[in-house]
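J.: Structure for the following, please:
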Amino acid sequence: MILLVEDDDDDVFLMEFAMSKISDKPPMLRVSNGQEALDYLKGLDKYADRTVYPLPEIIFLDLKLPFVHGFEVLKWIKSQPALQDIHVTVITGSLEDVDREVALRLGANAFHSKPPETEFLRRVFTSMRDKSK
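T.: Presented below is the predicted three-dimensional model:
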């Protein structure tokens, strides 16, 4: 399962469009802010039922999010032993080298500009399938 953490509906549309071109992709759920991402990953409130809201294999994480910044979400994820196997790709409109450096230092598996191309997404999914074998 993929968790998309993205507040911009246009960017969600572009991600869904790129993913529609990949035949063998996992299902995707979206949360629209950093606090909602944390609540989802912690299994709080409406996200408590893991049969409905399972932990993701992949998180596509925007940086500039309402309530809790993407860097804070990333830092929290990487501090949780139970979440260490989740692949986190930061997908952002930022082209700042410092954002890339901070994201990778905090433990992001990849950093990519918006919108992601279909081939990039295909590589991420293939990598995750190969890792799980």
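J.: going forward, measure contacts between C-alpha atoms and count neighbours the same way
T.: OK.
J.: backbone phi and psi for N33, please?
T.: Note on N33: backbone dihedrals following degrees, to the nearest 10 are phi -160, psi 170.
J.: Quick one: residues contacting it.
T.: 5-7, 65-68 (C-alpha atoms under 8 Å, 6 or more residues apart in numbering).
J.: Now pLDDT, secondary structure and neighbour count too, for those, in a markdown table please.
T.: As requested, those are exported to a markdown table (pLDDT from 0 to 100; DSSP: H, G, I helix; E, B strand; the rest coil; neighbours: other C-alpha atoms under 10 Å):
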| residue | pLDDT | secondary structure | neighbour count |
| --- | --- | --- | --- |
| V5 | 97 | strand | 25 |
| E6 | 94 | coil | 26 |
| D7 | 93 | coil | 18 |
| L65 | 94 | coil | 19 |
| P66 | 94 | coil | 14 |
| F67 | 95 | coil | 10 |
| V68 | 97 | coil | 16 |
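J.: Can you tell me which of those residues is nearest L38?
T.: L38 lies nearest to V68 out of the contacts of N33, by C-alpha to C-alpha, at 8.8 Å.
J.: ok, now which ones touch the closest one?
T.: V68 sits in contact with 33-35, where contact means C-alpha under 8 Å, 6+ apart.
J.: Look up how far V98 lies from the residue nearest to L65 when sequence neighbours are not counted.
T.: In space, and not counting its chain neighbours, L65 is closest to N33: 5.3 Å by C-alpha to C-alpha, 6 or more residues apart in numbering. To V98, N33 is 22 Å away according to C-alpha to C-alpha, to the nearest Å.
J.: got it, and L29?
T.: Taking C-alpha to C-alpha, one finds L29 at 29 Å from V98.
J.: Many thanks, I have nothing further to ask.
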